[in-house]
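>>> Sequence isn't available, so here's the structure alone:
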């Protein structure tokens, strides 16, 4: 049996000033106190999420716990397990997504909805109940409760798994919870980090997929990812031929300005669901009540996913060949990666490789 290994250096690339978000600096940091159910993972890869950009630029607000080490698409190998850990052993391939703790006592926590716990602890820019600050995956290691550590299938490269732990899970969960499958027609709005997974997972679940994008040049990518149809939202009357034909829309657009909400709502069947998965800085475009009442459409949101869903998602990805489109960079180039994500210059996910 392998023995626990102590992480000698906890270091990460941190943003110290929101005005200098493009220039993360390498710092030492203190992890949370080690608990009986905790796991230490030596990080090998970390995906760069739009959430990282929203946080370090102050897009979601300037109440950021500085210095902040972003990153919540983390994969690596287990090096230490607490005495009450039952699901992992030293040496296992493992990952962490956008959540590292919860209260474990509320109804959501007890019903496989821990991702909706009102006392959840985010992987970074968040505090534990005792005041310890959570830092993310642009770093040497991560410490998390075993409930929020995911086993990575042996058939899946760690760099491929990393982006699935936030971007993939963020779209997989609402697809499953809203009935995507054989006989259903799913619309995906936007082709980026989230959207390219939404297309693949909707197809993997057996649904017909219609992609809506303001970028006509992404039609080839959409078809390569498995889309059955592509609709350019820049064309007048783009929604007319799709009126009342979709069961579900997964919206992954990360900039709210320009999302043609009222037109998209008309494409839903009676009581169809429009689920907002991305979290733009600004409010969504205004809707009139008549935009919802004409077909009784339901407008909702979603927030990452549960551990059960994460495990199911990874297994489905292996079975159906779902792949992340990644562009690799060394972790020291985290600033460049953040800038590229903000400027929409990535196809479709940056993954940082450990270099500390």
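That came through fine. Bear in mind that the values here come from a model prediction, so they are computed numbers and not experimental data. Numbering: from 1, shown residues only.
>>> those strands in the stretch 251-356 of the chain, which residues are they?
Under the criterion DSSP state E, counting those that start in this stretch, the stretch 251-356 of the chain contains strands at 268-276, 298-301, 326-330, 349-353.
>>> I'd like the average pLDDT over stretch 47-54.
In this model, stretch 47-54 has a mean pLDDT of 98.
>>> all helices of the protein, in order?
Ranges of helices within the chain are 50-56, 107-110, 158-163, 169-177, 195-204, 219-225, 261-266, 290-293, 307-320, 334-342, based on DSSP state H.
>>> residue ranges for the strands of the stretch 101-250 of the chain, please.
Under the criterion DSSP E, counting those that start in this stretch, strands of the stretch 101-250 of the chain are mapped to 121-122, 126-127, 133-134, 141-145, 149-151, 185-189, 208-213, 229-232, 246-251.
>>> Can you add mean neighbour count, distance to residue 273 and mean pLDDT and give these back as TSV?
Where C-beta positions appear, they are placed from N, C-alpha and C, glycine not excepted. TSV is the format used below for the strands of the stretch 101-250 of the chain (neighbours: other Cβ atoms under 10 Å; distance: least, Cβ to Cβ, whole Å; pLDDT from 0 to 100):
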stretch	mean neighbour count	distance to residue 273	mean pLDDT
strand 121-122	20	26	98
strand 126-127	16	29	98
strand 133-134	21	32	98
strand 141-145	25	31	98
strand 149-151	24	26	99
strand 185-189	27	10	99
strand 208-213	24	15	98
strand 229-232	18	18	98
strand 246-251	26	5	99
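>>> Need those in a markdown table (columns: distance to residue 291).
Converted to a markdown table, the strands of the stretch 101-250 of the chain look like this (distance: least, Cβ to Cβ, whole Å):
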| stretch | distance to residue 291 |
| --- | --- |
| strand 121-122 | 33 |
| strand 126-127 | 35 |
| strand 133-134 | 39 |
| strand 141-145 | 41 |
| strand 149-151 | 38 |
| strand 185-189 | 15 |
| strand 208-213 | 16 |
| strand 229-232 | 18 |
| strand 246-251 | 13 |
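>>> of the ones you listed, which approaches residue 282 most closely?
Closest to residue 282 of the strands of the stretch 101-250 of the chain, according to Cβ to Cβ: strand 246-251, at 14.2 Å.
>>> who does the closest one pair up with?
Next to strand 246-251 in the sheet, as set by DSSP bridges, lie strand 185-189 (parallel), strand 268-276 (parallel).
>>> Could you point out which of the ones you listed sits nearest residue 160?
strand 185-189 (20.4 Å).
>>> and the angle from that closest one to strand 208-213?
Here strand 185-189 runs at an angle of 20 degrees relative to strand 208-213 (axes from the mean of the first three to the mean of the last three Cα atoms, to 10 degrees).
>>> And for the closest residue in space to residue 250 that isn't next to it in sequence, the neighbour number?
Ranked by Cβ to Cβ, 6 or more residues apart in numbering and with sequence neighbours excluded, the top spatial neighbour of residue 250 is residue 198, at 4.8 Å. Residue 198 has 31 neighbouring residues, counting by other Cβ atoms under 10 Å.
>>> Residue 198 touches residue 253, doesn't it?
No: contact status for residue 198 versus residue 253: not in contact, 11.2 Å apart, counting by Cβ atoms under 8 Å.
>>> What is the least confident helix or strand in the chain?
Across the helices and strands of the chain, mean confidence by mean pLDDT, DSSP states H and E is lowest for helix 290-293: a mean of 94.
>>> Next, the buried residues of it.
Buried residues in helix 290-293, defined by neighbour count with 16 or more other Cβ atoms under 10 Å: 291-292.
>>> where does the chain dip in pLDDT?
Flagging of the chain using pLDDT under 70 yields the residue ranges 1.
>>> Spell out which residues make up each domain of it.
For the chain, the structural domains run 11-152+325-353, 168-301, going by automatic domain parsing.
>>> JSON lines for those, including distance to residue 314?
Below are those laid out as JSON lines (distance: least, Cβ to Cβ, whole Å):
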{"stretch": "domain 11-152+325-353", "distance to residue 314": "7"}
{"stretch": "domain 168-301", "distance to residue 314": "8"}
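>>> Out of those domains, the one nearest residue 308 is which?
Across the domains of the chain, residue 308 has its closest neighbour in domain 11-152+325-353 (5.1 Å, Cβ to Cβ).
>>> Just give the nearest non-adjacent residue to residue 107, would you?
The shortest distance from residue 107 to any non-neighbouring residue, by Cβ to Cβ, 6+ apart, is to residue 113 (7.7 Å).
>>> Let me know whether that neighbour touches residue 306 as I believe.
Yes: counting by Cβ under 8 Å, residue 113 does reach residue 306; the two are 6.2 Å apart.
>>> that older thread, where's the residue nearest to residue 107 relative to residue 73, distance?
To residue 73, residue 113 is 21 Å away according to Cβ to Cβ, to the nearest Å.
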